[in-house]
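Trainee: Prediction below, plus the sequence it came from.
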Amino acid sequence: MNVFVVIVAFVLLLGGALAMWRFAKLRSKGTPVIIRPIPAQDGAAWRHGVMKYNEGTALVYKLRSLRPGADLSFPRNDVEILSRREPTDVEAGFFDSELHVVVLSVTGQGEWELAVDDSGDTALVAWVESSPSARQTRTLPTNIEERFRHVRGRARRQGR
């Protein structure tokens, strides 16, 4: 029985240490958000987290998750801002007073609501709007040296 208690205590201590490490690591990086998938009942399914933007994706880390990586990933070219709204009376009870809700559509992942302040909204809009169009994004060949040799060899065979 003592061994069981020691194992349980160790697991709880390890889980607590992981949670504290994740919280400390994420707290100062990114934009604080409260996020939920929609449809959802009024006031339900909201999760606190941090959204970090990089060149191609927005990564959401939920604060009460022990997962080592991001909990959600939104590719920039798949994100569309649909609307904004003020919190409902139920949501206003647990949101900070300066938060408003931004409704997003993410291709292949449905619609999401993000509760953000004005600076978080500005960061999201800037990130989405600075995305190049999928049609404008050219991919460079990764095997350019091989392709050059192939074209050069073909030219030699043709006597050029």
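Mentor: Yes, it's here. Residues are numbered from 1 along each chain as shown.
Trainee: Point to the residue nearest the middle of this protein.
Mentor: Nearest to the mean C-alpha position of the chain, by Cα atoms, centre = their mean, lies residue 59 at 2.2 Å.
Trainee: which ones are touching it?
Mentor: Neighbouring residues of residue 59 by Cβ atoms under 8 Å, 6 or more residues apart in numbering: 51, 52, 53, 70, 72, 73, 74. In this view, the C-beta of every residue, glycine as well, is placed from N, C-alpha and C.
Trainee: Could you rerun that using 6 Å?
Mentor: Going by Cβ atoms under 6 Å, 6 or more residues apart in numbering, residue 59 touches 52, 70, 73.
Trainee: that's a strand at it, yeah?
Mentor: Yes. Under DSSP: H, G, I helix; E, B strand; the rest coil, residue 59 falls within a strand.
Trainee: Going forward, count from 719.
Mentor: New numbering, starting at 719: the last item is residue 777.
Trainee: Grab the nearest non-local neighbour of it.
Mentor: Excluding the flanking residues, the one nearest residue 777 by Cβ to Cβ, 6 or more residues apart in numbering is residue 788, at 3.8 Å.
Trainee: Centre of the chain to stretch 763-780, how far?
Mentor: In terms of Cα atoms, centre = their mean, to the nearest Å, the centre of stretch 763-780 is found 3 Å from the chain centre.
Trainee: do the same with stretch 732-746
Mentor: Remark: stretch 732-746 is offset 18 Å from the chain centroid, using Cα atoms, centre = their mean.
Trainee: Just the ones of the contacts of residue 777 in strands?
Mentor: 770, 791 (DSSP state E).
Trainee: which of the contacts of residue 777 lies closest to residue 819?
Mentor: Closest approach between the contacts of residue 777 and residue 819, by Cβ to Cβ: residue 770, at 20.2 Å.
Trainee: which residues of the chain score low on pLDDT?
Mentor: 740, 744-745, 851-863, 865-866, 868-878 (pLDDT under 70).
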